[in-house]
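**Q** My questions are about this predicted structure, shown below with the sequence.
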Amino acid sequence: MSELTPITPNSNSTEAINASDEVKAVVESGSKARQLLGMKGAAAGETSVWKIRLQLMKPITWIPLIWGVVCGAASSGNYTWTLENVLKAGLCMLLSGPLMAGYVQITNDYYDREIDAINEPYRPIPSGAIPLPQVITQIWVLLIAGLLIAFALDKWAGNPFPTITSIAIIGSFIGYIYSAPPLKLKQNGWLGSYALGASYITFPWCTGHALFGNLNLTIVILTMFYSLAGLGIAIVNDFKSVEGDRQLGLQSLPVMFGITNAALICVVMIDLFQGLIAAYLVSIHENLYAAILVLLIIPQITFQDMYFLRDPINNDVKYQASAQPFLVLGMLVTGIALGHHAGI
Ligand SMILES: C/C(=C\COP(=O)(O)OP(=O)(O)O)CCC[C@H](C)CCC[C@H](C)CCCC(C)C
């Protein structure tokens, strides 16, 4: 075709239609994936009950809990790459992710069904895609399976006290009161965010530690302290729903302090408490690990400045996706450093 050959409108519009079909297909497959992972912006209208059940368990939220188990295994100082240890760790990840996180997520959707009917009516429960009795059955199945596996892990680890079972009982109780009335911790900004941050760091970390070593008070306190950085992360999620929360009277931190102040509180919590953990590592002479942790905080501060502080409402997801990997790597670095002092 010469340069002067006119391009017919027909070929142009056919290309345009094909392109728009392709874009549509990509968007649809993206929102299908979001649906299965239990993310916001998911496609509606799933008919397979098993996919709906999976969607209710929000697989995307399992990742931090599974990672927490890895950090705990590292901090025990006893993890070695044997087949038995891999199987133990795998079972523990099944416990913390699909079973326990799945249980708290579906319980949350069950108790939020009226709010969701207003804000996200396409979700499985408010849309009627799954009947309530089936939801309740799934909650019980996940909870009971979780507690049984926790007990089995205690036996497998030879724990004289059922530490893992106790963590599973406390975790499932906190997960319940986070969503269920009358306490509904999520209604209070500080309590709800700390429960979320602590649950996602302390519980799985202590579980992984108790599976391979002796869980001691130092690890419990340190992970609870680390969870204050997790509290900051939990606040990041509250910006997108600030208008709805304000109208419904939910006291999230952005509602209580305003967008700008809450964003500042959030980043200070994230950076300060990781920094204090680095200081603790220096105090136990883990200087190299402390330095790595500090190096991992720097990109987080950069992303806070580039994205989050400039527009916390629209950049929350972009910030989480860019900064979170550095925070979670820092947790593993800390776990490995603590593992050198397994007897503390
Ligand atoms: C339900 C949770 C978050 C969702 O909150 P929200 O309603 O604000 O979000 P949506 O807009 O998506 O509806 C998580 C709550 C976590 C909870 C406080 C406790 C978790 C406990 C652990 C799963 C326990 C793990 C124990 C184990 C490792 C033995």
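**A** Good, I have the coordinates. Numbering: from 1, shown residues only.

**Q** Around the residue of the stretch 151-300 of the chain found nearest the ligand, how many other residues sit close by?
**A** Here the residue of the stretch 151-300 of the chain nearest the ligand is residue 171; by Cβ to the nearest ligand atom that distance is 2.6 Å. Yep, even glycine has a C-beta here, placed from its N, CA and C like the rest. Look at residue 171: counted by other Cβ atoms under 10 Å, it has 26 neighbours.

**Q** now residue 218
**A** Residue 218: 15 surrounding residues under other Cβ under 10 Å.

**Q** Which helix or which strand is home to it?
**A** Assigned by DSSP states H and E, residue 218 falls within helix 217-236.

**Q** residues in the stretch 1-150 of the chain within reach of the ligand, list them.
**A** 65, 95-96, 100-101, 104-105, 108, 112, 150 (Cβ under 6 Å from any ligand atom).

**Q** which residues of this structure score low on pLDDT?
**A** The chain contains residues with pLDDT under 70 at 1-46, 343-344.

**Q** same thing but at 80, please
**A** Residues of the chain that meet the criterion pLDDT under 80 lie in 1-47, 119, 343-344.

**Q** on that earlier part again, ok, the residue of the stretch 151-300 of the chain closest to the ligand - contacts?
**A** Contact analysis of residue 171 by Cβ atoms under 8 Å, 6 or more residues apart in numbering lists 100, 104, 199, 203.

**Q** which residues does the nearest residue to residue 71 once chain neighbours are set aside contact?
**A** Computed as Cβ to Cβ, 6 or more residues apart in numbering, the closest residue to residue 71 that is not its neighbour in sequence is residue 335, at 3.7 Å. Neighbour list for residue 335: 70-75, 205 [criterion: Cβ under 8 Å, 6+ apart].

**Q** Would you confirm that residue 335 belongs to a helix?
**A** Yes: under DSSP: H, G, I helix; E, B strand; the rest coil, residue 335 sits within a helix.

**Q** So which of the contacts of residue 171 belong to strands?
**A** Assigned to strands by DSSP state E, none of the contacts of residue 171 qualify.

**Q** Just send these back as JSON lines, with neighbour count and distance to residue 125 too.
**A** Conversion of these to JSON lines gives the following (neighbours: other Cβ atoms under 10 Å; distance: Cβ to Cβ, whole Å):
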{"residue": "100", "neighbour count": "29", "distance to residue 125": "20"}
{"residue": "104", "neighbour count": "25", "distance to residue 125": "15"}
{"residue": "199", "neighbour count": "24", "distance to residue 125": "22"}
{"residue": "203", "neighbour count": "26", "distance to residue 125": "25"}
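
**Q** Pick out whichever of the residues you listed sits closest to residue 327.
**A** In terms of Cβ to Cβ, no member of the contacts of residue 171 lies closer to residue 327 than residue 199, at 16.0 Å.

**Q** Next up, the contacts around the closest one.
**A** For residue 199, the contact set (Cβ under 8 Å, 6+ apart) comprises 104, 171, 174-175, 178.

**Q** Pull the most distant pair out of those.
**A** Spanning the widest gap among the contacts of residue 199 are 171 and 178, at 10.3 Å by Cβ to Cβ.

**Q** Now the closest residue to residue 77 other than its chain neighbours: which helix or strand?
**A** Once flanking residues are discounted, residue 77 sits nearest to residue 342: 3.1 Å by Cβ to Cβ, 6+ apart. Assigned by DSSP H and E, residue 342 belongs to no helix or strand.

**Q** Contacts only, for residue 342.
**A** Neighbouring residues of residue 342 by Cβ under 8 Å, 6+ apart: 75-78, 213-214.

**Q** Just the buried residues of those residues.
**A** 75-77, 213 (16 or more other Cβ atoms under 10 Å).

**Q** tell me which parts of the stretch 151-300 of the chain are close to the ligand?
**A** Contact residues (Cβ under 6 Å from any ligand atom) of the stretch 151-300 of the chain with the ligand: 167-168, 171, 174-175, 178-179, 186, 195-196, 199, 203-204, 207.

**Q** biggest separation within the residues you listed, which pair?
**A** Once Cβ to Cβ is applied, these give 186 and 207 as the farthest pair, at 22.7 Å.

**Q** buried sites along stretch 331-342?
**A** Applying 16+ other Cβ under 10 Å to stretch 331-342 flags 331, 333-339, 342 as buried.

**Q** ok, of those, which one's closest to residue 162?
**A** Among these, residue 342 lies closest to residue 162 (Cβ to Cβ), at 20.8 Å.

**Q** follow-up on the earlier one: who's more crowded, residue 186 and residue 207?
**A** With neighbours defined as other Cβ under 10 Å, residue 186 and residue 207 compare such that residue 207 has more, 27 against 24.

**Q** hang on, the more buried one packs against residue 93?
**A** No: using Cβ atoms under 8 Å, residue 207 is not in contact with residue 93, being 9.8 Å away.
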